[in-house]
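Q: next input, structure requested:
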Amino acid sequence: MSQIGKPPGDDALIRHGCEAVTCPPASRPWVLTAAILGSSMAFIDGTVVNVALPAIQHALHATAFQAQWVVESYALFLAALLLVGGSLGDHFGRRRIFALGIGIFALASVGCALAASVQQLIAARAVQGVGGALLVPGSLALISASFPEKERGRAIGTWSGFSGITAAIGPVLGGYLVDHYSWAWAFLINVPMAIAVLAITWRHVPESRGGPAASGALDLWGAVLATLALGGIVYAFIEAPTQGWTSPAVLAALIAGVAGSVAFVAVELRVRSPMLPLALLRIGNFGGANLLTLLLYAALGGSLYFFPLNLIQVQGYSATVAGAALLPFILILFALSGWAGQLVDRFGPRLPLVIGPAIAAAGFALFAVPGVGASYWTAFFPAVVVLGLGMAVTVAPLTTTVMNAVGPDRAGIASGVNNAVSRTASVLAIAVFGVVMAWAFDAALADGLHAAGASTEASAFLEGQRSRLAGAELPAGLDAAAAAALRKIVAESFVAGFRWVMLLGAGLALLSALSAWMLIEKRPAAGQGEQGLPESR
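A: Numbering: from 1, shown residues only. Okay, here's the model as predicted:
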C-alpha cells in the first residue's frame, strides 16, 4: 500500500503559522467535520486501491505495470503538487481551494468507477491526485484558521484520531466492496462523502487566507518541474520491463526526468518563494531526518505495494482479508504513538531513529520468509507486528526531530517538506521496486518452466503473460494436473520477486538507520534547536 496511515509531519502542518482566528465558535465543529471527511477521502484512496488492484487487473485485462500506473498516477500528482496546493489556499482562500479539491476529487472518482479501460482509469486517477493535492493541505489549513491556539491541540487530536480510524477501516471496507459488489464501489464511496463535505463547507466554513508571509508569488514553475521530474523517472522505471531500457520512449522519459530534476533544483535555489526551500536541507538534523524519511518511506511504500497482491493472487485470500492484514500495523502505531512521542525528550533524537528503522528492517526481512500457501498468523502476522513496532518507534521521534531542527518559526514549512519527501519516496519506490520484481519474476519463471519440463507451447504462452505477474492466465485446454503445476510455477515466481522486494526494503531501512547514526545529533544542546532557537517539544 502506497501510504499506510498519515505521512510524517501531517499533524505538525497545522500547528504553526496561524493568523488571528475569526471563525465563530458555533462553526468550529462543522469545520472539523469537513476537514476530517475531506482528508479521509484522500487517506482511503491512498490505501484501498491496492486491495482492489487484482480485481481491476482482471476486469480491465491490465498488465501488472498498468496496474502500477493506477496507483502511481494518483500518488505522483499528489506528491508533486501538495506543497503548491497549500500555497494556493493561502493566496486564493482556503475554503475555496479546499472545496475545489473536493469537487475535482469527487468527479474524478466517478470517472474512475465508469472507466471502461485501464488507460481511462489511469487518467481519472491522475485527476484525483490533483484534487487530493488541493484538499489535503486545505483540510489542515482550515483547522489552523478556525481554532484558537488554546483549542487547536484538541482539534488536532480529534482529527488525528479519526484519521487513524480511517486508515484502519478503509482497506477493509474497500476489500468488502470488491468482494461483494465491484471494484468500482471502492471509488464511488467517495461521492456521498464529497457531497456531505461540500454542503458543510458551503454553509458553515468561513473563508480565510494566509497572512503577510503567504503574499509571495506562487512557485508554479517549481510545481511543473517537480511533476515533470517525477513523471519522467516513474515512466522510465515502470515501462522499462516491457519496452526495454533502450526504447526511445523510455530513454526520452528518463532524460526528461533527470533534466526536470536538475531544473527543479536550479529554480528552487533562485525563486523568491520556493515550494521546497532547499536551504533547510543544509541544517544538520533536518537534512538527516529527511534522508531517513526518503529511505525508510521508500522501503515502506515500495514493499507494501506488493503485499496485497501476494495475499490475493498467490495465497488465495479474499480482498476483505487482505485489506485487514495490516490492521495490527496500524493499531500498534496508534497504541504506541504517545509513548514514542516522549522518546526524543528522554534519549535524544538519534537513538530512536536508529533503533526504529533497524526493527523495521527486521520486519521487512520476515516478509521474505513465507512461501506459497503460507498461513497469515504464522507467516505474515509476525512480520506485520515487527514492522509496526519499528515504525511506531520511528514516526513520532522523526516528526519531533524535524520540528525541533528548524525552530517554531519555520516548523510549518519544515513539516510540509518532510511530508512531501515521504510521498515522493513512495512514488519513486513503487516504480523502482517494480523493476526488481519483474527481473526476479522473469528469471524464476524461466527456471521453473525449464525444471518442470513444460511444453514449448505452454512456455511461449506464459512468456507472453509475464507482464501480468501473478495475474497471468494459463493456456487453454490443460488438464487439472498440468494447470495446477503451471499455476504453482507462476505463484512461486511471484514469491521469488516478492522476497527480493522485501529484502531491498530491509536494506533501505538499514540504510535509513545508518543515516540517522551518522547525521542526527545524539542530543542537541539543552533548550536549543539547530539554529539557536528554543525547541518546540
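
Q: residue contacts, residue 95?
A: Contacts for residue 95 (CB atoms under 8 Å, 6 or more residues apart in numbering) come out as 142, 201, 205, 206, 207, 208. Heads up, the C-betas are built off the backbone N, CA and C, glycines and all.

Q: just these: which are in helices?
A: Among the contacts of residue 95, the members found in helices (DSSP state H) are 142, 201.

Q: now for the contacts of residue 95: which two are most distant?
A: 201 and 208 (12.3 Å; CB to CB).

Q: after the top helix by length along the chain, next one along is what?
A: Taking DSSP H as the criterion, the chain has its longest helix at helix 411-452. Sequence-wise, the next helix or strand downstream of helix 411-452 (DSSP states H and E) is helix 456-465.

Q: packing partners of that following helix?
A: Secondary-structure packing of helix 456-465 (3 or more CB pairs under 8 Å, 6 or more residues apart in numbering; DSSP states H and E): helix 411-452, helix 480-519.

Q: closest one to residue 465 among the ones you listed?
A: Of all the helices and strands packed on helix 456-465, helix 480-519 sits nearest to residue 465, with 8.3 Å by CB to CB.

Q: tell me the average confidence for stretch 467-477?
A: Taken as a whole, stretch 467-477 has an average pLDDT of 84.

Q: I'd say residue 397 and residue 350 touch.
A: No: judged on CB atoms under 8 Å, residue 397 makes no contact with residue 350 at a distance of 9.4 Å.

Q: and the longest helix of the chain, what does it pack onto?
A: Looks like helix 411-452 contacts helix 64-92, helix 220-243, helix 284-304, helix 381-406, helix 456-465, helix 480-519 (3+ CB pairs under 8 Å, 6+ apart).

Q: circling back to that earlier point, which of residue 397 and residue 350 has more neighbours?
A: Taking other CB atoms under 10 Å, residue 397 and residue 350 do not tie; residue 397 has more neighbours (28 against 21).

Q: find the nearest non-adjacent residue to that one, please.
A: Spatially, and ignoring its direct neighbours in sequence, residue 397 is nearest to residue 352 (4.2 Å; CB to CB, 6 or more residues apart in numbering).

Q: what's the local residue count around the one you found?
A: When neighbours are counted by other CB under 10 Å, residue 352 registers 25.

Q: same question for residue 110.
A: 16.

Q: shaky segments in the stretch 301-450 of the chain?
A: 407-409, 411-412 (pLDDT under 70).

Q: try it again at 90.
A: 330-331, 333-348, 395-396, 399-420, 450 (pLDDT under 90).

Q: and if you look at the stretch 1-150 of the chain?
A: Across the stretch 1-150 of the chain, the ranges flagged by pLDDT under 90 are 1-28, 32, 35-36, 38-50, 79-95, 135-150.

Q: run the last query once more with 50
A: Applying pLDDT under 50 to the stretch 1-150 of the chain flags residues 14-18, 20.

Q: for the helices and strands packed on helix 456-465, give me TSV that also has mean neighbour count and distance to residue 326.
A: Output for the helices and strands packed on helix 456-465, formatted as TSV (neighbours: other CB atoms under 10 Å; distance: least, CB to CB, whole Å):
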stretch	mean neighbour count	distance to residue 326
helix 411-452	22	15
helix 480-519	20	14
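
Q: as CSV, the ones you listed with distance to residue 43 would be great.
A: Converted to CSV, those look like this (distance: least, CB to CB, whole Å):
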stretch, distance to residue 43
helix 411-452, 12
helix 480-519, 22
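
Q: of all the ones you listed, which lies closest to residue 222?
A: helix 411-452 (11.3 Å).

Q: okay, the angle between the closest one and helix 220-243?
A: Interaxial angle of helix 411-452 relative to helix 220-243 (axes from the mean of the first three to the mean of the last three CA atoms, to 10 degrees): 10 degrees.

Q: would you mind giving me the PyMOL syntax to select the buried ones in the contacts of residue 95?
A: To isolate the buried subset of these in PyMOL, counting by 16 or more other CB atoms under 10 Å, use the following:
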select buried, resi 142+201+205+206+208
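
Q: return the member of the contacts of residue 95 nearest to residue 32.
A: Taking CB to CB as the measure, residue 32 lies nearest residue 142 of the contacts of residue 95, at 8.5 Å.

Q: thinking again about what came up before, is it possible to get JSON lines of the helices and strands packed on helix 411-452 that adds distance to residue 138?
A: Below are the helices and strands packed on helix 411-452 laid out as JSON lines (distance: least, CB to CB, whole Å):
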{"stretch": "helix 64-92", "distance to residue 138": "5"}
{"stretch": "helix 220-243", "distance to residue 138": "16"}
{"stretch": "helix 284-304", "distance to residue 138": "23"}
{"stretch": "helix 381-406", "distance to residue 138": "21"}
{"stretch": "helix 456-465", "distance to residue 138": "44"}
{"stretch": "helix 480-519", "distance to residue 138": "31"}
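
Q: for residue 340, find the nearest of the ones you listed.
A: helix 381-406 (4.1 Å).

Q: quick one: buried residues of the closest one?
A: 382-406.

Q: which elements pack onto that helix?
A: So helix 381-406, by 3+ CB pairs under 8 Å, 6+ apart, packs with helix 284-304, helix 327-340, helix 343-347, helix 350-367, helix 411-452.

Q: gap between residue 421 and residue 363?
A: 21 Å (CB to CB, to the nearest Å).

Q: so who does the nearest residue to residue 281 once chain neighbours are set aside touch?
A: Excluding its sequence neighbours, the residue lying closest to residue 281 (CB to CB, 6+ apart) is residue 287, at 4.6 Å. Neighbour list for residue 287: 280, 281, 519 [criterion: CB under 8 Å, 6+ apart].

Q: now those residues as CSV including distance to residue 431?
A: Output for these, formatted as CSV (distance: CB to CB, whole Å):
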residue, distance to residue 431
280, 26
281, 23
519, 26
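
Q: ok, those residues vs residue 163, which is closest?
A: Distances from residue 163 to the contacts of residue 287, taken by CB to CB, are shortest for residue 280, at 25.7 Å.
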